[in-house]
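Trainee: Sequence first, then the predicted structure:
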Amino acid sequence: MYFFVARQPILNTNMSLFAYELLFRNSEHNVYPGIDSDVATSRMIDGIISLQDWDSLLQHQTAFINFTAEAIINELPLTLPKNRIVVEILENSEPTSTLLEAVFNLHKLGYRIALDDYQHKPEWEVFLPYVYMVKVETPLHSQQKLIDCCNRLQQFPHLKLLAEKVETHAQFEQAKALGFNYFQGYFFCKPEMVKSRFLGHSSAALINALREISKPDARADKVAQACQGDPRLSVKLLRYVNSSLFFRATPISSIKHAVSFLGEQELRRFVYLMLTTYATSARLTEVIKASLARARFCELWAQTTRLTPNSDEAFLAGMLSMVEAIFDAPIEDILKNIGLSGPLYEVLTQKQGLLGMALHLIESIERADWRQFDKLKTDLKLTDHNAAQLYESSIEWAEARLKILTQDNSLPLGPTAKQLQFS
């Protein structure tokens, strides 16, 4: 048996990562949790325990995990480390005295408890002294109802408030103003469109490198020349090529040697990676992580199924699928600036063809939208099993690359560094 695990980020008020909620799809059933919820929870626990590398999925972050009332009463959370999880009580649980006793015992042992999809009912108030966090689906409630709910909950000063299903920046700001501490939803993946973000220092050098590497007759010496025009880009290239991602007999200390060592495919990948990692902010860390994982997923899908002949193009499609959120600009303007056109332009702007379907599929995994996933997987020649393997491998790959490429972002800029704004 294997488990398909999707993770959704939970952010704090600064839009920095706080934790991940783990969402499980059981391989033997069409949609989790369509089976009996207690059976699903038990199998989920088995799946978590059997994960070969817990930290490859969580990256040392806390995991929010849903438990039924019966699972909590039967002490299933005790099989997992208390410092790594938050126990979410499912919204359909009944606030019985037996459940209260189980929650009290978990609290006494140091486990953190969260009430999922909370709607105020007097019978739940007796639980609140032992609860760490309350999750509220803020878009489902009126402003006045949210104010009343927050006022009642804030009578328990230890409680943390989490706003769920936050899909827009306006909803995020509203929830933050009401006193919510944490946020879950896809607002951070969407562009604010208030003003375009600068691509970053020395964008002219990066744009030149992108244009050179995108040519059918790309020349390594031209790419090297573009990289040498920017000290910071050069440093990142040398750090990348000297990282543990590659085996070298001796360290590489010149741009020319680095370009020669990487070869065309890996050099192209480095330049594409730099497009996203040049834009940095707390919110963008998770967006960039997701775009890297999408890139790798699409590349592996292309190589595995051979439904599209060009895995490099699939990689780039995944990489660029979130650039609107990274640069807060229309995707058409961004693609025009990097000289991208043709079929890939249509894939990214209209999600056309099999590659467009692959982008829809990875989005459905990110959102744990298993119904949408089921509609797409057959045409893309994927099963639950190999899709899960591609997804997990892509997350690990993205985490490793991001760690290397975002190290030491404090290098001084040269006086001739030029900035480009998408407009």
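Mentor: Structure's in. What do you need?
Trainee: can you list the weak-confidence ranges in the stretch 201-350 of the chain?
Mentor: Filtered on pLDDT under 70, the stretch 201-350 of the chain yields the residue ranges 201-204, 216, 229-232, 276-283, 338-339, 341.
Trainee: Recalculate using a threshold of 50.
Mentor: 201-202 (pLDDT under 50).
Trainee: any idea which element the spatially most central residue of the chain lies in?
Mentor: The residue lying closest to the centre of the chain (C-alpha atoms, centre = their mean) is A290, at 4.0 Å. Using DSSP states H and E, A290 sits within helix 282-305.
Trainee: Buried residues in that helix, which are they?
Mentor: 283-302, 304 (16 or more other C-beta atoms under 10 Å). Yep, even glycine has a C-beta here, placed from its N, CA and C like the rest.
Trainee: Can I get it as CSV, trimmed to CA atoms?
Mentor: Taking Å, rounded to 0.1, in the frame of the first residue of the first chain, the C-alpha atoms of helix 282-305 are listed here in CSV:
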residue,chain,number,x,y,z
ALA,A,282,8.3,36.1,2.4
ARG,A,283,5.2,35.4,0.4
LEU,A,284,7.1,34.5,-2.7
THR,A,285,9.1,31.7,-1.0
GLU,A,286,6.2,29.3,-1.2
VAL,A,287,5.2,30.5,-4.7
ILE,A,288,8.7,29.9,-6.0
LYS,A,289,8.8,26.5,-4.2
ALA,A,290,5.6,25.6,-6.0
SER,A,291,6.8,26.8,-9.4
LEU,A,292,10.0,24.8,-9.0
ALA,A,293,8.0,21.7,-8.1
ARG,A,294,5.7,22.2,-11.0
ALA,A,295,8.6,22.5,-13.4
ARG,A,296,10.2,19.3,-12.2
PHE,A,297,6.8,17.5,-12.2
CYS,A,298,6.1,18.5,-15.8
GLU,A,299,9.6,17.5,-16.8
LEU,A,300,9.4,14.0,-15.2
TRP,A,301,5.9,13.5,-16.6
ALA,A,302,7.2,14.3,-20.1
GLN,A,303,10.1,11.9,-19.7
THR,A,304,8.0,9.1,-18.2
THR,A,305,5.0,9.2,-20.5
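Trainee: for that helix, packing partners?
Mentor: Using 3 or more C-beta pairs under 8 Å, 6 or more residues apart in numbering; DSSP states H and E as the contact definition, the elements that helix 282-305 packs against are strand 3-12, helix 255-277, helix 311-320, helix 323-327, helix 353-366, helix 384-405.
Trainee: Recalculate using a threshold of 6 Å.
Mentor: With contacts taken as 3 or more C-beta pairs under 6 Å, 6 or more residues apart in numbering; DSSP states H and E, helix 282-305 sits against helix 255-277, helix 311-320, helix 323-327, helix 353-366, helix 384-405.
Trainee: Tabulate the ones you listed (TSV), appending distance to F247.
Mentor: Written out in TSV, the entries for those read as follows (distance: least, C-beta to C-beta, whole Å):
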stretch	distance to F247
helix 255-277	11
helix 311-320	22
helix 323-327	31
helix 353-366	30
helix 384-405	15
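Trainee: could you dump those to JSON lines with mean neighbour count?
Mentor: JSON lines is the format used below for these (neighbours: other C-beta atoms under 10 Å):
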{"stretch": "helix 255-277", "mean neighbour count": "19"}
{"stretch": "helix 311-320", "mean neighbour count": "23"}
{"stretch": "helix 323-327", "mean neighbour count": "24"}
{"stretch": "helix 353-366", "mean neighbour count": "21"}
{"stretch": "helix 384-405", "mean neighbour count": "19"}
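Trainee: who wins for proximity to S16 among those?
Mentor: helix 384-405 (14.4 Å; C-beta to C-beta).
Trainee: and the angle for the closest one with helix 255-277?
Mentor: Helix 384-405 and helix 255-277 are oriented at 110 degrees to each other (axes from the mean of the first three to the mean of the last three C-alpha atoms, to 10 degrees).
Trainee: Quick one: mean pLDDT for helix 384-405?
Mentor: Helix 384-405 carries an average pLDDT of 88.
Trainee: dump the residue contacts of R7.
Mentor: For R7, the contacting residues are Y20, L22, by C-beta atoms under 6 Å, 6 or more residues apart in numbering.
Trainee: Can you check the pLDDT for it?
Mentor: With respect to pLDDT, R7 has a value of 85.
Trainee: Within its local environment, how many residues does R211 see?
Mentor: R211 sits with 18 neighbouring residues when counted by other C-beta atoms under 10 Å.
Trainee: quick one: which helix or strand includes it?
Mentor: helix 203-213.
Trainee: what helices or strands is that helix leaning on?
Mentor: helix 220-228, helix 255-277.
Trainee: try 8 Å this time
Mentor: Applying 3+ C-beta pairs under 8 Å, 6+ apart, we find helix 203-213 packed against helix 220-228, helix 231-241, helix 255-277.
Trainee: L210: which of these is closest?
Mentor: Between the helices and strands packed on helix 203-213, helix 255-277 lies closest to L210; by C-beta to C-beta that is 5.8 Å.
Trainee: Show me how far the closest one is from its chain's centre.
Mentor: Relative to its chain's centre, helix 255-277 lies at 24 Å (C-alpha atoms, centre = their mean, to the nearest Å).
Trainee: quick one, that helix and helix 311-320 angle?
Mentor: Computed by the same axes, to 10 degrees, the angle between helix 255-277 and helix 311-320 is 50 degrees.
Trainee: So what angle separates the directions of helix 255-277 and helix 282-305?
Mentor: Relative orientation of helix 255-277 versus helix 282-305 (the same axes, to 10 degrees): 110 degrees.
Trainee: got a list of contacts for helix 255-277?
Mentor: 206, 209-210, 213, 218, 220-221, 223-224, 227-228, 233-234, 236-238, 240-241, 246, 248, 252, 288, 291-292, 295, 312, 315-316, 319-320, 322-323, 326, 338, 401-402, 405-406 (C-beta atoms under 8 Å, 6 or more residues apart in numbering).
Trainee: who touches the residue nearest to the centre of the chain in this structure?
Mentor: A290 touches C189, M322, E366, A398, counting by C-beta under 8 Å, 6+ apart.
Trainee: so what's the backbone phi/psi at the second one?
Mentor: Phi and psi for M322, reported as degrees, to the nearest 10, are phi -120, psi 20.
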